[in-house]
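> Model the following, please.
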Amino acid sequence: MSFRNKQLRAISAAAGCLLLMQTAAALPVSAADGIIFSDGFENGDCGWEGRGGASVAADSTAPYAGSGALAVTGRSDSWNGAQKDISSYVTAGSTYSISVCARYESGSGVELMLSLCYKDASGETQYDHIAQQTTMSGFYVQLANDSYTVPAGATDLLLYVETKSGSSPLYIDEAICAEAGTAIDGPGPVSFTLGDVNYDGVINGTDLSLAKQIMLSGKSMKATLKAADVNCSREVEMADIVWYVKFLLGQEKEYPEAVTPAVTPYDYQPLVYHDFDSEYLKDASQKGQVIEEHYSINGGSNTCYVYLPYGYDESQKYNIFYLMHGGGENEKTLFFQSDTMIQNIADHMIQNGELDPTIIVTPTWNKSSADTFWSEFREKLVPYIETKYSTYAESGSPDDLVASRYHRAYGGFSMGSISTWGVLMHCLDICAYYMPLSGEYKVNNLSYAQQAQMVGQAIDDSGLGQHEYFIMAATGTNDMAQPQMTPMINELRKLPQLIEGSNLSECNFNYMLVQGKEHWWGHVRHYIYDMLPYFFHEGY
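Model prediction:
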């Protein structure tokens, strides 16, 4: 029996009431538990206010418990949220149990935080994090600390809920402060079970109803669409609905066999360099957005920028392209420099149907090195980004990153090209597409032939077949990196692992050498324009 059917057997006794939302404990605490305040938002905002540009209002749309919650809208930054002045409830230097249930409305792997803003003895504003948890959109998570000590000497105490990043609307409910050590119940972790669309631990009529809604509307958040697609065809269709009916009637006890979706072969055209129109550097009428992100690395954090295409929809899955800057540059270069403006180019390409809506991430190797960035890429950057944004990775686990490798690409210019070869050498298992631009694989004291042999050895070690990895490289004849890149490419051409051509259904390697172009983003961005549409069409 397959794992997915063992999982179904374990919950096949599921039945019961039709629950349309995450459920809560009947009573989080009682008066005997030493409550200092308990805000359930049944009859108003309970003294909570908007923080930053946000607005708050009692709302009955999505409560965790009871009939009300606090809706937090109009957020323009991650620190915008809901706040309450608790100066009259708690004493500086004393310890309390504090809990708030919070729900984020768009995104996956979102980190919600319960924080305190206060003034210290010198009058300086300070911030302290009380609790934080990661959750999926549409599900409440408990932010709780049963022994939080208010900093000594603190005044003007503002308790608030924020997110580590992002600005989607929030809901908060059951905001409770009690004596230290008080156990306050809240929503437990949400786990995935195929067929359990509302993630309440059972498969019942509610899941059938929600699956029908997804099929008819074509819209849902990524997590619910994944759960409703019981035959794993990448869409919710009548076959899924029929299975639900049979399962609920007791006529079916196993999941259906997984369906391999039919894919129309991509019509590859011969790759020929051409400049994009100058209009591509101007704002498109359908503009995506660029978001600053911060992720943890050993001993600190690093910054990257994320381009989300126009109409980004959490219910859809997106291919993702990681694009690295060159020497003397940083993570801002690709989006905020006049000779790049990659976001405008992507906007026009997507708007004109030249490129499927794609997420583009611009990281930096400046806190490691170009040739060692691959470690940060696979261990830190990719899991962080692809659990937060809606890519083909179902999670940041190694298995899910491997399973989604055909929807992930990496490229870079100059030193970024060196980082591209490094990622190829060490990350073939999680990334199928590579775009090295104006830079060779550089290993000290090795000849070009030896460098090429190392690439070939990495491919062999990966165990991948010839049609499971793809390299599209480019530079200009007047590019200062060309005298080093072309000899290495010529050695790569000798490898049996590489088949040169622009039809990636038959080949896996291409080198575009453009007459007269120099080592400059103003030229290189045209290579990206020409080659990026060739990615992401294989391996479905």
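> per-domain residue ranges of this protein.
According to automatic domain parsing, the chain comprises the domains 3-14+191-248, 31-179, 278-534.
> mind giving me TSV with the ones you listed and columns for mean pLDDT, mean neighbour count and distance to Asp185?
Every residue, glycine included, has its C-beta placed from N, CA and C. As requested, the domains of the chain are arranged in TSV below (pLDDT from 0 to 100; neighbours: other Cβ atoms under 10 Å; distance: least, Cβ to Cβ, whole Å):
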stretch	mean pLDDT	mean neighbour count	distance to Asp185
domain 3-14+191-248	80	18	16
domain 31-179	90	19	8
domain 278-534	94	19	27
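> To Gln269, which of these lies closest?
domain 278-534 (7.7 Å; Cβ to Cβ).
> how far away is the closest residue to Lys380 other than its chain neighbours from Met488?
In this structure, Lys380 finds its nearest non-sequential neighbour in Ile297, 5.3 Å apart by Cβ to Cβ, 6 or more residues apart in numbering. Ile297 sits 30 Å away from Met488, going by Cβ to Cβ, to the nearest Å.
> rewinding a little: JSON lines for the domains of the chain, including distance to Leu271?
Shown next, in JSON lines, are those (distance: least, Cβ to Cβ, whole Å):
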{"stretch": "domain 3-14+191-248", "distance to Leu271": "29"}
{"stretch": "domain 31-179", "distance to Leu271": "35"}
{"stretch": "domain 278-534", "distance to Leu271": "4"}
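> I'd say Pro487 and Gln450 touch.
No: between Pro487 and Gln450 there is no contact under Cβ atoms under 8 Å: 11.8 Å.
> Contact partners for Gly300?
Lys367 (Cβ atoms under 8 Å, 6 or more residues apart in numbering).
> typo on my end, it should be Leu208
By Cβ under 8 Å, 6+ apart, the contact set of Leu208 is 241, 244-245, 248.
> Now with 7 Å, please.
Residues near Leu208 by Cβ atoms under 7 Å, 6 or more residues apart in numbering: 244-245, 248.
> wait, is it part of a strand?
No: under DSSP: H, G, I helix; E, B strand; the rest coil, Leu208 falls outside any strand and is assigned helix.
> please renumber so the chain begins at 55
Sure, I'll start numbering at 55, so the last one becomes Leu262.
> from the middle of its chain, how far away would stretch 276-293 be?
20 Å (Cα atoms, centre = their mean, to the nearest Å).
> how about that stretch as PDB, C-alpha atoms only?
The C-alpha coordinates for stretch 276-293 follow below in PDB (Å, rounded to 0.1, in the frame of the first residue of the first chain):
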ATOM      1  CA  LYS A 276      -2.200  27.100  -2.800                       C
ATOM      2  CA  ALA A 277      -2.600  24.900   0.300                       C
ATOM      3  CA  THR A 278      -6.300  24.200  -0.200                       C
ATOM      4  CA  LEU A 279      -5.900  23.600  -4.000                       C
ATOM      5  CA  LYS A 280      -3.200  21.000  -3.200                       C
ATOM      6  CA  ALA A 281      -5.400  19.200  -0.700                       C
ATOM      7  CA  ALA A 282      -8.500  19.100  -3.000                       C
ATOM      8  CA  ASP A 283      -6.500  17.800  -5.900                       C
ATOM      9  CA  VAL A 284      -6.700  14.200  -4.700                       C
ATOM     10  CA  ASN A 285      -5.600  12.600  -8.000                       C
ATOM     11  CA  CYS A 286      -2.600  15.000  -8.100                       C
ATOM     12  CA  SER A 287      -3.300  16.300 -11.700                       C
ATOM     13  CA  ARG A 288      -2.500  19.900 -10.700                       C
ATOM     14  CA  GLU A 289      -6.100  21.000 -11.000                       C
ATOM     15  CA  VAL A 290      -9.300  20.300  -9.200                       C
ATOM     16  CA  GLU A 291     -11.700  18.500 -11.600                       C
ATOM     17  CA  MET A 292     -14.700  16.300 -11.800                       C
ATOM     18  CA  ALA A 293     -12.600  13.200 -11.200                       C
END
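> Grab the longest helix from this structure for me.
In the chain, taking DSSP state H as the definition, the longest helix is helix 502-516.
> Report the secondary structure state of Gly476.
Applying three-state DSSP: Gly476 is helix.
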